[in-house]
Each structure stands twice: as C-alpha cells, then as structure tokens.
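Undergrad: Fold the stuff below for me.
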Amino acid sequence: MSGSLTAEAAAQIFEGINLVLSRWTALRMAVENEWGGPDSLKKSQNLGNDIFLLLTQSREKVYIDDVEDMLDNFMLSLDTEVEDGSIGEIAEKVMVMHEECCEGNFDSIRMLRETNTPTLSYVAQPSQSNEEDSDEVDETTILDTENAMEVDDQPIAGAKETMKNSAGTRSVPRSAADDDGWSVVTSKRNRGRKK
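TA: Numbers count the residues shown, from 1 in each chain. I've put the predicted structure just below:
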C-alpha cells in the first residue's frame, strides 16, 4: 500500500511530479519533435497524472522499478528509447519526493518550484480559470521567449579586452560593427601572428 497522504501532501506531490517531468530533457525533446505523433503533447500531459495515481491509489507498495517501468513504457509510446540513465534519475526523484511528502516535508518540491523553469511546459499545470484546455500555445509565451535574448545595439568600437593565455597577457582590439550590426571576427590563428 502507498503511504498515507494529506490533501496538502497530495497536491504537493502532484506539483512535484509535474515539475520534475517538465525539466526532463528526453521528454521535452520527444514532445517538441512529436516523435510519438501529433498527440505527443496530450500524452505527456497525462503522464504526470498516471504517476500520481500509481503512487497514491495503488493497493500494493510501489517500488522505484514500478515508476521506472511506467516511464520507460511511456517513452516507448513516444517512439523514444532512453539510454542515458535519466529514467532511473526521474524515478528516484519522484520516489524521494513521495516519501518526503508522506512525512510532511515539502522542501524538495519548494526548491524545484524556486529554480528556473523551462520556457514551455509539456506537462499539465493546474488551471486557474474555468476555460477549457486548448492545444494552442499562448502567443505571449512565444513573444516572451523571442524577446528573452536581447543584444546591445551600440557596439563598443575600438575597445580593448584583456585576454589571458598561457604565454601571458595581451590586448585584442574589438572590430567595429558594420551598419547592419554585424562585425567581422578574425580567427585565433591570425591573431597569434600579429604581435
């Protein structure tokens, strides 16, 4: 039998499972590239719920191997064979979180929540509104990711950077940018000959 969970602990473990899955690179790649077909996203959204039900509704004790088997079978359903050891890591994190939640300890989930999250989540997140779920990606999320990397428009012409190498210190002048903002970068081989 699985450990007894309070309502708060059940909510925490559900969130923790989804946080761990949303950071799993193999799952993210499989969903992003639709390796399991056009419904890969929908399948991935059900995975967190399936693991949660396994941990909370199972009549028998759940072992790490049970979670690993579920993850492995799921990834195979996405036509993805994972051989990097991440299935074991994900299963272990989920089992540790479950044990901690049974004891009322939510620190690992709080730490996951506070760390940087991926730009797009491929697992179900609790909805705050009564709107029906949609398969469409929120346009503001896409705009935020496009604007996440900004480059200074004003290049520093003639500025010098000091670089350390094994021979000592030398100065390398930066090249000025063209009108369109692009600058020519010389190869390291040519820089070494100009002393």
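Undergrad: And the lowest mean pLDDT element among the helices and strands of the protein?
TA: The weakest-scoring helix or strand in the chain, judged by mean pLDDT, DSSP states H and E, is strand 160-165 (a mean of 39).
Undergrad: where do the helices sit along the chain?
TA: Using DSSP state H, the helices of the chain run over 7-22, 25-32, 40-57, 64-77, 86-102, 107-114, 139-147, 188-193.
Undergrad: for the fifth one, which positions count as buried?
TA: Neighbour counts over helix 86-102 (16 or more other C-beta atoms under 10 Å) mark 87-88, 90-91, 93-95, 97-98, 100-102 as buried. C-beta coordinates here come from the backbone N, C-alpha and C atoms, glycine included.
Undergrad: Tabulate those residues (a markdown table), appending pLDDT.
TA: Output for those, formatted as a markdown table (pLDDT from 0 to 100):
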| residue | pLDDT |
| --- | --- |
| Ile87 | 94 |
| Gly88 | 95 |
| Ile90 | 95 |
| Ala91 | 96 |
| Lys93 | 95 |
| Val94 | 95 |
| Met95 | 96 |
| Met97 | 94 |
| His98 | 94 |
| Glu100 | 93 |
| Cys101 | 92 |
| Cys102 | 91 |
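Undergrad: Kindly reformat these as CSV containing distance to Ala26.
TA: Converted to CSV, these look like this (distance: C-beta to C-beta, whole Å):
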residue, distance to Ala26
Ile87, 8
Gly88, 12
Ile90, 9
Ala91, 13
Lys93, 14
Val94, 15
Met95, 18
Met97, 19
His98, 21
Glu100, 24
Cys101, 25
Cys102, 28
